[in-house]
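Trainee: Below are the sequence and a predicted model; questions follow.
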Amino acid sequence: MNAEQVDIKTPEYVSLQFQSAGLGSRAAAFIIDQIILLIVNILIIIGLLFMINGTFMDFFSANMPSYLVAAAIILIFIIRWGYFFAFEYFSGGSTLGKKMLGIRVIQENGHSITLLSSLIRNLLRIIDSLPMNYLVGMLMIFFHTKHKRLGDLVTGTIVVHERRKKKKKKMTAIEKEIHSRGLSRENLPLNEYDLKRFNEKDWKLLKTYTNRFLQLSVDDRILLTRQVAEIVAPKLGMTVGEKGYEELENLLLVLYLLLKDEWEFEL
């Protein structure tokens, strides 16, 4: 298996495939987050100074009260740590930087990151940042097969690229035919177990069938429909028997829609 690809088996026994986020994308997202935090920190300092002293330059003077400096440092620390914790938990595993790079944190079972995982994961940034500039974290991400830092290892999380949504495409000729017949996936309700009975060979057979469907004469189409149905219908616990050719056509066309979702991926 490609080291960049991660196969995840959910508790519901559904297999999901993600691409793990490498050092480059994670570092870029982190830099964006740091720039955002830097701007926020500067605004906090300016705001505190203007509220209390009315001037920015007092921050650099010896007369600046130590408790204000301490308060500013504590507030900045809380915001810097809380930024990652809050965004990752409340925003589906993505900070602003991660959103811009199209990556997010998830649990290794495919579920969203939990409150406890987000808490511990981000507390461990302290160790990942040692001895300076996140050296420990970067080395672990670079060498680990799933690009995990210490926080990910401890909490069972992984950073992945968002799965791209398929773009809506114009209906093909066969899809228009299916639509004109009033057919949809609901006409043949199959569960995950039922779909697993069909393999890639079955999908290619149905795809070839639908590609030729509108090009054949009526007699040839009836013959081909019955031949294909005799191969795939038993996997549904059906027998072709005396079923009418139109009923068989509708069965194969709906099955084509279902297997299309299972086997046709956007690369």
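Mentor: Done, it's in.
Trainee: could you pull out the strands for the chain?
Mentor: Secondary structure of the chain (DSSP state E): strands at 5-9, 15-19, 103-107, 157-161.
Trainee: need those in JSON lines with distance to Lys176 and mean neighbour count, can you?
Mentor: (C-beta placed from N, C-alpha, C; glycine too.) Listed next are these as JSON lines, based on distance: least, CB to CB, whole Å; neighbours: other CB atoms under 10 Å:
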{"stretch": "strand 5-9", "distance to Lys176": "35", "mean neighbour count": "14"}
{"stretch": "strand 15-19", "distance to Lys176": "31", "mean neighbour count": "14"}
{"stretch": "strand 103-107", "distance to Lys176": "37", "mean neighbour count": "22"}
{"stretch": "strand 157-161", "distance to Lys176": "34", "mean neighbour count": "23"}
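Trainee: Including mean pLDDT and distance to Ile45, could these go into TSV?
Mentor: Listed next are the strands of the chain as TSV, based on pLDDT from 0 to 100; distance: least, CB to CB, whole Å:
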stretch	mean pLDDT	distance to Ile45
strand 5-9	70	41
strand 15-19	75	40
strand 103-107	93	30
strand 157-161	92	31
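Trainee: Switch those strands over to CSV; also include distance to Ile79.
Mentor: Putting the strands of the chain into CSV (distance: least, CB to CB, whole Å) gives the following:
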stretch, distance to Ile79
strand 5-9, 32
strand 15-19, 30
strand 103-107, 19
strand 157-161, 22
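Trainee: quick one, helices of the stretch 101-250 of the chain?
Mentor: Taking DSSP state H, counting those that start in this stretch as the criterion, the stretch 101-250 of the chain contains helices spanning 115-123, 125-128, 135-143, 150-155, 173-180, 192-195, 200-213, 218-232, 245-263.
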